[in-house]
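Novice: Sequence and predicted structure are below.
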Amino acid sequence: MKGWAVLPLIVLGQMALAAGPDSSQRPVPRDNGTTLPVIVVPSGAIEQPKRDPAARAAAEGGRGIKSSLRPSLRSRKVEKAARARQQMLAKGAVCGDLAIQGAPVGRVPGKISGCGIENAVKVRSVSGIKLSNAAVMDCTTAKALDTWVRQSAVPALAGQGGGLEELRVAAHYACRTRNNRKGGKISEHGKGRAIDISGFELADGSTITVHKGWRARRSSKALRRMHRGACGPFGTVLGPESDRFHQDHFHFDTARYRSGSYCR
């Protein structure tokens, strides 16, 4: 009995399916003069429409994309100002980096054996942050300084006094021994690989010094963050807790050691 009950349903379903295509509504194509006719060749395939002569010529000549009109994103005035800025930066760029502004110095001969720099530069600013005194160094040290300023110094002081504006340079190139000790090894300063920073001038005119700020409640955290952030870009990082010679400044140099950076 169940089989006989199901049979009418199957028949009705087949009738509905059979009647579908003849009675269902189909979309009516728009005849606006641009519709291309569909031509079926004897093999049953649809013949590809012929390309417009102008389009074919553009495609074959490789002019399709090149000749298309593109919107201008910047006005001529803005583009001119941008080019002028790039040219201005390029004139003062050293070490092949627009972020490092200064002047080439060339070879600096040493007064004593072990001193001197082969290709020295005099750096005035890095990543827009001025140096209180133009500092002489090699490009490896200039690039390390730029990395540290951009990644550590600027972020550490972003919330104080309107942000960092200038580095107070305590020392850069100087042909001397370490800590000026007689008969000692040549300092990295004497090789153009070191710079000493004693303070940081902010946009509002205030200054944070390493000597007074290292243990001060308002600036200690920022100074310690900058000291820690220098370990990596520089091979040697010395601060107030290293020894009695560095109580009032940070010493950074790019000497490298097998054991990694030396940071105290």
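Specialist: Good, I have the coordinates. Worth saying up front: this structure is predicted, and the values here are computed from it rather than measured.
Novice: CA atoms for contacts and neighbours, from now on please.
Specialist: Will do.
Novice: which residues of the chain score low on pLDDT?
Specialist: 1-72, 88 (pLDDT under 70).
Novice: longest strand in it, by residue count?
Specialist: strand 97-109 (DSSP state E).
Novice: Can you name the element that comes right after that strand?
Specialist: Sequence-wise, the next helix or strand downstream of strand 97-109 (DSSP states H and E) is strand 116-126.
Novice: What are the buried residues along that next one?
Specialist: Gly116, Ile117, Ala120, Val121, Lys122, Val123, Arg124, Ser125, Val126 (16 or more other C-alpha atoms under 10 Å).
Novice: what's the answer for stretch 207-217, then?
Specialist: Buried, per 16+ other C-alpha under 10 Å, within stretch 207-217: Thr207, Ile208, Thr209, Val210, His211, Gly213, Trp214.
Novice: Could you tell me the end-to-end distance of that stretch?
Specialist: 15 Å (C-alpha to C-alpha, to the nearest Å).
Novice: Contacts for it, please.
Specialist: 198-202, 219-220, 223-224, 240, 247-250 (C-alpha atoms under 8 Å, 6 or more residues apart in numbering).
Novice: Equivalent analysis for stretch 155-171, please.
Specialist: 129-133, 135, 153-154, 195-206, 222-223, 225-226, 249.
Novice: Would you pull up how far that stretch lies from the middle of the chain?
Specialist: 20 Å (C-alpha atoms, centre = their mean, to the nearest Å).
Novice: could you pull out the helices for the protein?
Specialist: 2-23, 53-60, 76-92, 139-148, 154-156, 210-213, 220-229 (DSSP state H).
Novice: hang on, the earlier thing: mark which of the contacts of stretch 155-171 are buried, thanks.
Specialist: 129-133, 135, 153-154, 195-202, 222-223, 226, 249.
Novice: Run through the residues that contact Arg193.
Specialist: Arg193 neighbours (C-alpha under 8 Å, 6+ apart): Met137, Asp138, Thr140, Thr141, Tyr173, Asp253, Thr254, Ala255.
Novice: between the residues you listed, which is nearest Ile112?
Specialist: Tyr173 (13.5 Å; C-alpha to C-alpha).
Novice: Hmm, the closest one is touching Asp196, no?
Specialist: No. Here Tyr173 does not reach Asp196: they are 9.8 Å apart, not a contact under C-alpha atoms under 8 Å.
Novice: Having no further points to raise, I will conclude here.
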